[in-house]
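**Q** Generate a structure from the sequence data that follows.
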Amino acid sequence: MLFITKNLQIPLHEVELHAIRSQGPGGQNVNKVSTAIHLRFDIRASSLPLDCKDRLMQLKDVRITQDGIIVIKAQRYRSQDKNRDDALARLSILIKNATQIKKTRKKSNPTKASKKKLLDSKTRHGKLKVLRGKSIKTED
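**A** This next block holds a predicted model:
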């Protein structure tokens, strides 16, 4: 089981894990050992609640395909086990972020004190600018 929250978990048979060869430099080991993990998770066929599935599908994430499949490639570590744990952790974080509902911001009005403070600062700044102006010479 992959635990997302206290009330939400995913059976591991719903997650496809394939070992593939890592990219980049690594010497002789990189051509012989498949240490990277390619994770695939089908959102529509999963046992997640419907509202969670909908929020996941609406995410603008590069890792989610048009067909509703989450694809994660983990190749951060040199060991297959660590990469597997990393891929599952990233999947867990992605799903957890989709389950959290963001509060909508309520529009608020500025207080009387903040309005007065703004007007005071404006008049102070205006007076300062008047003092910077050219002085008028009067001849007697």
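**Q** contacts and neighbour counts: CA atoms only from here.
**A** OK.
**Q** Provide the contact partners of stretch 120-127 at residue level.
**A** Applying CA atoms under 8 Å, 6 or more residues apart in numbering, stretch 120-127 has no contact partners.
**Q** Tell me which helix or strand comes right after the helix or strand of the chain at the bottom of the mean pLDDT ranking.
**A** Sorting the helices and strands of the chain by mean pLDDT, DSSP states H and E puts helix 29-32 at the bottom, at a mean of 71. Downstream of helix 29-32, the next assigned helix or strand under DSSP states H and E is strand 36-42.
**Q** List of residues touching that next one?
**A** In this structure, residues lying in contact with strand 36-42 by CA under 8 Å, 6+ apart are 14-22, 68-77, 79-80, 83-84, 87-88.
**Q** partner strands of it, parallel or antiparallel?
**A** Strand 36-42 has these partner strands in its sheet, going by DSSP bridges: strand 15-20 (antiparallel), strand 69-74 (antiparallel).
**Q** can you put those in JSON lines and add distance to residue 8, mean pLDDT and mean neighbour count?
**A** Putting these into JSON lines (distance: least, CA to CA, whole Å; pLDDT from 0 to 100; neighbours: other CA atoms under 10 Å) gives the following:
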{"stretch": "strand 15-20", "distance to residue 8": "15", "mean pLDDT": "83", "mean neighbour count": "16"}
{"stretch": "strand 69-74", "distance to residue 8": "18", "mean pLDDT": "87", "mean neighbour count": "20"}
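**Q** want to try TSV for those, with distance to residue 35 as columns?
**A** Formatted as TSV, the strands paired with strand 36-42 follow (distance: least, CA to CA, whole Å):
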stretch	distance to residue 35
strand 15-20	6
strand 69-74	9
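**Q** Quick one: closest of the ones you listed to residue 47.
**A** Using CA to CA as the measure, strand 15-20 is the one of these that comes nearest residue 47, at 11.2 Å.
**Q** residues in contact with that closest one?
**A** With contact meaning CA under 8 Å, 6+ apart, strand 15-20 is reached by 34, 35, 36, 37, 38, 39, 40, 41, 42, 80, 84.
**Q** can you rerun that using 7 Å?
**A** With contact meaning CA atoms under 7 Å, 6 or more residues apart in numbering, strand 15-20 is reached by 34, 35, 36, 37, 38, 39, 40, 41.
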